[in-house]
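>>> everything below, folded, please.
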Amino acid sequence: SSAMRAVLSEILSVARYDCNVLITGDTGVGKEKVASMIQKNSTRSNQPYIKINCASISENLLESEFFGYEKGAFTGANAAGKKGYFELADNGIILLDEVGELPPDMQAKLLRVIQDGEFFRVGGTRPVKCNVRILSATNRDLEEDMEKKRFRRDLFYRLNVFPIRVPPLSERRGEIPALLAHFLQRYNEKFNMQKH
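Numbers count the residues shown, from 1 in each chain. Below you'll find the predicted structure:
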């Protein structure tokens, strides 16, 4: 559809520029697919690509998952310490899916990483440098969340350097026959059926 052709044009346009992208749209519209297309067409396509679902990580584990920890940082920690997602994604791309679910303290820490290009591991005393391009995705209205003080305004503008809105299927109904054919073929093959 013309709506998705416009989105594809935006994807190919922004992919080669090393800037942060905020992908918005309803649940199920394919925001993660958009992020993957940006990654594949970017100058970092041969570098690490780390996908994180911010809503699926327990709040008390977020910092250690994002930034890693030093040995002995807390009870039950790996004796050798552990690299976090940002360290693993160094020189590559990180996708923060459901970024609107991040709690305020993690929003502040993420802002520091974007601004300074460095972070501290949990229990660490020396900064770790990282060079990461951030793609974010959300189905929330972050502008409304900013008004209600649920999302930091300064973080929003750092993530939203280039916005891409993926339209819902109701705005691209012409794609429904093609999608039906695609899923019918996929499930006929999967279940060895001949449904039509």
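>>> rest of the way, CA atoms for contacts and neighbours
Noted.
>>> give me the nearest residue to residue 126, chain neighbours excluded.
Excluding the flanking residues, the one nearest residue 126 by C-alpha to C-alpha, 6 or more residues apart in numbering is residue 120, at 6.4 Å.
>>> next SSE after the helix or strand containing residue 66?
Under the criterion of DSSP states H and E, residue 66 resides in helix 62-67. Next helix or strand after helix 62-67 toward the C-terminus (DSSP H and E): helix 85-88.
>>> list the helices and strands that following helix packs on?
With contacts defined as 3 or more C-alpha pairs under 8 Å, 6 or more residues apart in numbering; DSSP states H and E, helix 85-88 has these neighbours: helix 62-67.
>>> I'd say the residue nearest to residue 126 and residue 127 touch.
Yes. If you go by C-alpha atoms under 8 Å, residue 120 and residue 127 touch, sitting 4.9 Å apart.
>>> then the helix holding residue 66 to PDB, C-alphas only?
The C-alpha trace of helix 62-67 is given here as PDB (Å, rounded to 0.1, in the frame of the first residue of the first chain):
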ATOM      1  CA  LEU A  62      17.200  -4.000  34.500                       C
ATOM      2  CA  GLU A  63      20.400  -2.200  35.400                       C
ATOM      3  CA  SER A  64      22.500  -5.400  35.600                       C
ATOM      4  CA  GLU A  65      21.000  -6.700  32.300                       C
ATOM      5  CA  PHE A  66      21.600  -3.400  30.500                       C
ATOM      6  CA  PHE A  67      25.000  -2.600  31.900                       C
END
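>>> if we go by neighbour counts, what in it is buried?
By neighbour count on 16 or more other C-alpha atoms under 10 Å, the buried set for helix 62-67 is 62-67.
>>> dump those to CSV, plus pLDDT and distance to residue 102.
Output for these, formatted as CSV (pLDDT from 0 to 100; distance: C-alpha to C-alpha, whole Å):
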residue, pLDDT, distance to residue 102
62, 94, 9
63, 93, 11
64, 91, 14
65, 94, 13
66, 96, 12
67, 95, 14
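>>> between those residues, which is closest to residue 13?
Nearest to residue 13 among the buried residues of helix 62-67: residue 66, at 28.9 Å, using C-alpha to C-alpha.
>>> what mean pLDDT does stretch 41-59 have?
Model confidence over stretch 41-59 averages 96 on the pLDDT scale.
>>> residues in contact with that stretch?
With contacts defined as C-alpha atoms under 8 Å, 6 or more residues apart in numbering, stretch 41-59 is touched by 12, 15-18, 39, 85, 88-99, 101-103.
>>> CA atoms of that stretch as PDB?
In PDB, the C-alpha atoms belonging to stretch 41-59 read as follows (Å, rounded to 0.1, in the frame of the first residue of the first chain):
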ATOM      1  CA  ASN A  41      20.600  -1.700   5.600                       C
ATOM      2  CA  SER A  42      22.800   0.200   8.000                       C
ATOM      3  CA  THR A  43      26.600   0.800   8.100                       C
ATOM      4  CA  ARG A  44      26.600  -1.400  11.200                       C
ATOM      5  CA  SER A  45      24.900  -4.400   9.600                       C
ATOM      6  CA  ASN A  46      28.000  -6.600  10.300                       C
ATOM      7  CA  GLN A  47      28.200  -5.600  13.900                       C
ATOM      8  CA  PRO A  48      26.200  -7.000  16.900                       C
ATOM      9  CA  TYR A  49      22.400  -6.500  16.900                       C
ATOM     10  CA  ILE A  50      20.900  -6.900  20.400                       C
ATOM     11  CA  LYS A  51      17.100  -6.900  20.900                       C
ATOM     12  CA  ILE A  52      15.700  -6.200  24.300                       C
ATOM     13  CA  ASN A  53      12.100  -6.300  25.400                       C
ATOM     14  CA  CYS A  54      12.100  -3.700  28.200                       C
ATOM     15  CA  ALA A  55       8.800  -4.900  29.600                       C
ATOM     16  CA  SER A  56      10.000  -8.500  30.000                       C
ATOM     17  CA  ILE A  57      12.900  -7.800  32.400                       C
ATOM     18  CA  SER A  58      12.200  -7.500  36.100                       C
ATOM     19  CA  GLU A  59      12.700  -3.900  37.300                       C
END
